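Undergrad: Sharing a sequence plus its predicted fold:
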Amino acid sequence: MAGLTTAGTGRRRPRLWRGTVLAGAAVYFLVPLLASLLFTVDVPGQGLTADSYTQILGSPGFTSSLLLSLEMSAATIVLVLLLMVPALVAVRLAVPRLGPVVEVICSLPLVVPAIAFAAGLRTVLLWGPEYLSTTPFFETFVALQNQSFPVVLVLAYVVMALPFAHRVLDTGLRAIDVRTLMEAARNCGASWPKALWRVLLPNLRVPLLNAAFLTLALVLGEFTVASLLGFAPFAVWIYTIGGSQAQLSVAVSVLSLVLTWLLLVLLTRTAGRGPASRTSSRKG
């Protein structure tokens, strides 16, 4: 009986600690969110109102800044995946010894502060037109800073997203036998691009979605680099409008946070409906 009591107590302790940690995390995340929500709907002298949320779509600059951030997010995601997936596959198949080197290179953006990174980019962009005004490269510098779609900002976001994308994709590649899959596809007559597209990428469904989501969250929430370079994507617009309409700014932040969570849940459910889950459901 004593042994059973001790065992039962040992099983209860992990559950108690797990519940305590989850409750603490819920309080840590939900209390600020609820406080922000209350701030947006409680207007002194008017009581509870949803005017802050109904005014979002009609606010000047909201649609244009959000569309700009979404366009840059899509371009950044495509460039990051096109850069990282072939590179990591090539490292695992051909030169595994370069794996640590690639990891160090991809982790460098974490070492450089965002403000220093933005200052360096700004210095180069100011230096370029001055010394290259008589060369064909002058138009390139102008095109990179196009306000309607700042390519330089997309390239900066690609660099900033490398640490997160590398970690997620590298973990996904370690979970599968890349060499066996690629050799089997090659033995069946598939070319290298076709083997990568038809065989390897479906097995990386979850890591690809995770890398895309992390990149999307980075682009939508990044403020420092965009502000110092003089562009006005979604995060900069939220900060700008906060000076004159604080409730509207907080309402947009709360709404964007909720939409990000919903997107994360959607991506998680979509990833869970991959080929493996469909195969198991058919067997069942």
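TA: Yep, it's here.
Undergrad: A strand includes P60, no?
TA: No: per DSSP: H, G, I helix; E, B strand; the rest coil, P60 lies outside any strand segment and is coil.
Undergrad: Can you give me the neighbour number for it?
TA: Using other Cβ atoms under 10 Å, P60 has 9 other residues around it. C-beta here means a position set from N, CA and C on the backbone, and glycine is covered the same way.
Undergrad: And S227, by the same measure?
TA: Using other Cβ under 10 Å, S227 is surrounded by 17 other residues.
Undergrad: Wait, a helix at it?
TA: Yes: looking at S227 with three-state DSSP, it is inside a helix.
Undergrad: Show me where this protein has its strands.
TA: Taking DSSP state E as the test, the strands found in the chain are 42-43, 47-48.
Undergrad: can you put those strands in a markdown table and add distance to I56 and mean neighbour count?
TA: Below are the strands of the chain laid out as a markdown table (distance: least, Cβ to Cβ, whole Å; neighbours: other Cβ atoms under 10 Å):
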| stretch | distance to I56 | mean neighbour count |
| --- | --- | --- |
| strand 42-43 | 16 | 13 |
| strand 47-48 | 17 | 8 |
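Undergrad: Let me see the contact set for the closest residue to G128 other than its chain neighbours.
TA: Leaving aside its sequence neighbours, G128 sits nearest to F141 (Cβ to Cβ, 6 or more residues apart in numbering; 4.2 Å). Residues near F141 by Cβ atoms under 8 Å, 6 or more residues apart in numbering: L125, G128, P129, L132.
Undergrad: Tell me the buried residues within those residues.
TA: For the contacts of F141, a burial check counting by 16 or more other Cβ atoms under 10 Å picks out G128.
Undergrad: between the contacts of F141, which is closest to G221?
TA: Among those, L125 lies closest to G221 (Cβ to Cβ), at 22.8 Å.
Undergrad: Hmm, that closest one is touching Q145, no?
TA: Yes: in terms of Cβ atoms under 8 Å, L125 counts as a neighbour of Q145; the distance is 6.3 Å.
Undergrad: which residues are common contacts for those two?
TA: Taking Cβ under 8 Å, 6+ apart as the criterion, L125 and Q145 both touch V152, L229.
Undergrad: quick one: which of the strands of the chain is nearest D170?
TA: D170 sits nearest to strand 42-43 of all the strands of the chain, at 46.5 Å, using Cβ to Cβ.
Undergrad: quick one: the helices in the stretch 101-250 of the chain?
TA: If DSSP state H, counting those that start in this stretch is used as the criterion, the helices of the stretch 101-250 of the chain fall at 114-131, 137-144, 151-174, 178-187, 192-195, 201-203, 205-221, 224-229, 234-242, 246-272.
Undergrad: what's the spacing between stretch 79-87 and its chain's center?
TA: 15 Å (Cα atoms, centre = their mean, to the nearest Å).
Undergrad: For it, buried residues please.
TA: L79, V80, L81, L83, M84, V85, A87.
Undergrad: What lies in contact with that stretch?
TA: With Cβ under 8 Å, 6+ apart as the contact definition, stretch 79-87 has outside contacts at 102, 106, 154-155, 158, 161-162, 165-166, 169, 196, 201, 204, 208, 211-212, 215.
Undergrad: if you set the cut-off to 10 Å instead, what comes out?
TA: Here stretch 79-87 makes contact (Cβ atoms under 10 Å, 6 or more residues apart in numbering) with 98, 102, 105-106, 154-155, 157-162, 164-166, 168-170, 172-173, 192-193, 196, 200-201, 204, 207-208, 211-212, 214-215, 218.
Undergrad: ok, T268 - contacts?
TA: Contacts for T268 were tallied using Cβ under 10 Å, 6+ apart; they are V206, L209, N210, F213.
Undergrad: Identify the farthest-apart pair in the residues you listed.
TA: Farthest pair in those, by Cβ to Cβ: V206 and F213, 10.6 Å.
Undergrad: and W127, how many neighbours?
TA: Neighbour count of W127, defined by other Cβ under 10 Å: 11.
Undergrad: which residues touch it?
TA: By Cβ under 10 Å, 6+ apart, the contact list for W127 reads F141.
Undergrad: Identify the residues contacting the spatially closest residue to L216 that is not a sequence neighbour.
TA: Counting by Cβ to Cβ, 6+ apart, L216 lies nearest to S73, which is 4.8 Å off, once chain neighbours are set aside. Taking Cβ under 10 Å, 6+ apart, we find S73 in contact with V154, Y157, A212, T215, L216, A217, L218, V219, L220, P233, F234.
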